[in-house]
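K.L.:
Give me a 3D structure for the following:
(chains A, B, C and D)
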2 protein chains.
Amino acid sequence: MMYPPKASMEGQSKGDRTRAAILQAGLEVASTEGLEAITIGRLADRVNLSKSGLFAHFSSKEQLQLEVLQHGRNEFVTRVIGPALAETRGEPRLRTLLKNWLGWNWSNDSRGGCIFLQAAAEYDDREGPLRDALVESQHDMVEFLVGAAALCVEEKHFRSDIDPRQFAFELYALVMAHHFHIRLLDDPTAPKRTRKGFERLLESAK
Amino acid sequence: MMYPPKASMEGQSKGDRTRAAILQAGLEVASTEGLEAITIGRLADRVNLSKSGLFAHFSSKEQLQLEVLQHGRNEFVTRVIGPALAETRGEPRLRTLLKNWLGWNWSNDSRGGCIFLQAAAEYDDREGPLRDALVESQHDMVEFLVGAAALCVEEKHFRSDIDPRQFAFELYALVMAHHFHIRLLDDPTAPKRTRKGFERLLESAK
DNA sequence: TCATTAAGTGAACGGTCGTGCACTTTTTCG
DNA sequence: CGAAAAAGTGCACGACCGTTCACTTAATGA
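P.N.:
Numbers count the residues shown, from 1 in each chain, chains lettered A, B, ... in the order given. From the prediction side, this is the model:
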């Protein structure tokens, strides 16, 4: 009796805990460097496992990547979508969404990346299950934005002739530009510009 | 005397022609799959050379990538920036710029990619000469946009209180969203939405 | 507690990568 | 034409990759 599982880990076997640690480490790597940058050896070092020890948790590297992506979706729902849904429909929800979305990052340093935007560049030209899963997640994301914009129309926060899909397109555009300016150009004014663009977008929809 | 150089290639040695073919092939690969997807062997096959034969033209793979990126910059200037500069300053120049920008692609199929946006995702977290070169090119790009917007103010096409840098941010945002929707989501309405966003952007600046 | 099962290890495989080198072939030019 | 220089080849190397497998170690539950 040396290292009994802590009470806080109740109901989780050792394997489950290790698996969770792997997926979390994978998400961190994928968010900054991409899903293709995930390497069994590198990830094994990060969680203090041997290559084969880590590999044994998954049937293939692709399966590992798929589960990392799914973990990213879960975390995004928890940290961004959920808080927005808890807000009043219409404009307030949209504002909460953007706030949490811009704070959605994973790395330890101050320039965290987005696993979805990284993966989008990696799989926009490649076929296979990973691309399919990514496309599905981004389709869902767009549809959520469209729905959120449609609610603004419904709640009379927007004019009735506003096209929710066009609104969603332009909102996502701003978030992408934010990511680009922060991460590549290291531009500290990016959040301010993103919010300003957002305000203009809202204003022209009213 | 079997295969004399054609007259059209006058002034170019065989080595120069091979080099140009390599850079062009490299640009095609980099535009769709990224600069990191460039592999000596793959590129050698594409231009019918042996690995070492191709390698002999460059001092390292990194140097090859740098030259491919530079080739991309040159092509972008020729095909996008140039035609815009030939147009009247202000709004007409901006419209020409966007038109050619959206047509800026390199692949054979209908979903050509942009070497800069691909590379942005690849190097936004990595240090080194490649990132430096990319950042410089994108900095220049942004400054060109800022200048083009500033000319709109100067020509009284825009209100005098319009911030050119904010305008540039939002314009680039639309182009990024275009790329994303075309390539990942395979959305044929992307050009229409991009132009609609552009019109709204212009309208709110007048 | 102790046998059963789960979790993790280490070495090895075939494959691809960038790079170096000795060599052959082709181009170039006096 | 023929020699010098340029261009291209073939092979090998060390490093890292994903994956397999026989094995050891640790966790689990009756």
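
K.L.:
how much space between A:Val47 and DNA strand C?
P.N.:
A:Val47 sits 9 Å away from DNA strand C, taking CB to the nearest atom of the strand, to the nearest Å as the criterion. The way it works is simple: take the backbone N, C-alpha and C, and place the C-beta from them, glycine included.

K.L.:
cool, and A:Gly90?
P.N.:
In terms of CB to the nearest atom of the strand, A:Gly90 sits 46 Å off from DNA strand C.

K.L.:
So that residue is in contact with A:His157, correct?
P.N.:
Yes - using CB atoms under 8 Å, A:Gly90 makes contact with A:His157 at a distance of 4.4 Å.

K.L.:
show me the contacts for the residue most central in space within chain A.
P.N.:
Centroid check for chain A by CA atoms, centre = their mean gives A:Phe76 as the closest residue, at 4.7 Å. Counting by CB atoms under 8 Å, 6 or more residues apart in numbering or on different chains, A:Phe76 touches A:104, A:116.

K.L.:
which residues of chain A score low on pLDDT?
P.N.:
Low-confidence segments of chain A, defined by pLDDT under 70: A:1-11, A:106-111.

K.L.:
And the residue of it that's closest to DNA strand C?
P.N.:
Closest to DNA strand C within chain A is A:Gly15: 1.8 Å, counting by CB to the nearest atom of the strand.

K.L.:
quick one: the lengthiest helix in chain A near chain B?
P.N.:
The residue-count maximum for a helix in chain A (DSSP state H) belongs to helix A:129-154. Yes - residues of helix A:129-154 contacting chain B under CB under 8 Å from any CB of the partner chain: A:134-135, A:138-139, A:142.

K.L.:
Do a quick rundown of the helices in chain A.
P.N.:
Counting by DSSP H, one finds helices in chain A at the ranges A:14-33, A:40-46, A:51-55, A:61-76, A:82-85, A:91-102, A:115-123, A:129-154, A:164-183, A:190-205.

K.L.:
could you dump these to CSV with distance to DNA strand D?
P.N.:
What follows is the helices of chain A, written out as CSV (distance: least, CB to the nearest atom of the strand, whole Å):
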stretch, distance to DNA strand D
helix A:14-33, 4
helix A:40-46, 3
helix A:51-55, 4
helix A:61-76, 3
helix A:82-85, 30
helix A:91-102, 30
helix A:115-123, 14
helix A:129-154, 12
helix A:164-183, 23
helix A:190-205, 32
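
K.L.:
who wins for proximity to B:Asp186 among these?
P.N.:
Smallest distance to B:Asp186 across those (CB to CB): 8.0 Å, for helix A:129-154.

K.L.:
who in chain A is up against DNA strand C?
P.N.:
Residues of chain A lying near DNA strand C by CB under 7 Å from any atom of the strand: A:13-16, A:18, A:48-54, A:56-57.

K.L.:
Looking at those residues, state which has the most neighbours.
P.N.:
A:Leu54 (25 neighbours; other CB atoms under 10 Å in any protein chain shown).
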